[in-house]
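>>> Task: produce atomic coordinates for the following.
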Amino acid sequence: MKKQRWRKTKPKMKKWLCDSCSIPIKVIASYEPEYCCRGYKCGCYGLPINPIFCDKCVKELFGEPVKKGGVNLDEFF
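Take a look at the predicted model:
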């Protein structure tokens, strides 16, 4: 009986621009931005509901994750 080999499957990626600084980043191929409207008479101004940011912008916007006792508290919230 042959042993089965398991491969880690990598998700397919596509290029996208960071919604803050517009540098090219890689996102999962199934990502499509969601909009609530076209921005006419709305406070969203036609921006996506679920924006994608690069690592640099995430640190600038949200700061470093808080750690207490070696546990990342952002994982629980």
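
>>> Next one: the spatially most central residue of the chain relative to Asp19, how far apart?
The residue lying closest to the centre of the chain (CA atoms, centre = their mean) is Ile52, at 4.6 Å. Distance of Ile52 to Asp19, computed by CB to CB, to the nearest Å: 6 Å. C-beta here means a position set from N, CA and C on the backbone, and glycine is covered the same way.

>>> and stretch 5-16, which residues are buried?
For stretch 5-16, a neighbour-count test (16 or more other CB atoms under 10 Å) marks Trp16 as buried.

>>> Now do that stretch: distance to the chain's middle.
Relative to the mean C-alpha coordinate of its chain, stretch 5-16 is positioned 16 Å out (CA atoms, centre = their mean, to the nearest Å).

>>> Endpoints of that stretch, how far apart?
33 Å (CA to CA, to the nearest Å).

>>> And the contacts of that stretch?
24-29, 31, 52 (CB atoms under 8 Å, 6 or more residues apart in numbering).

>>> will you turn those residues into JSON lines that also has distance to Tyr40?
Output for these, formatted as JSON lines (distance: CB to CB, whole Å):
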{"residue": "Pro24", "distance to Tyr40": "29"}
{"residue": "Ile25", "distance to Tyr40": "29"}
{"residue": "Lys26", "distance to Tyr40": "32"}
{"residue": "Val27", "distance to Tyr40": "27"}
{"residue": "Ile28", "distance to Tyr40": "30"}
{"residue": "Ala29", "distance to Tyr40": "30"}
{"residue": "Tyr31", "distance to Tyr40": "25"}
{"residue": "Ile52", "distance to Tyr40": "24"}
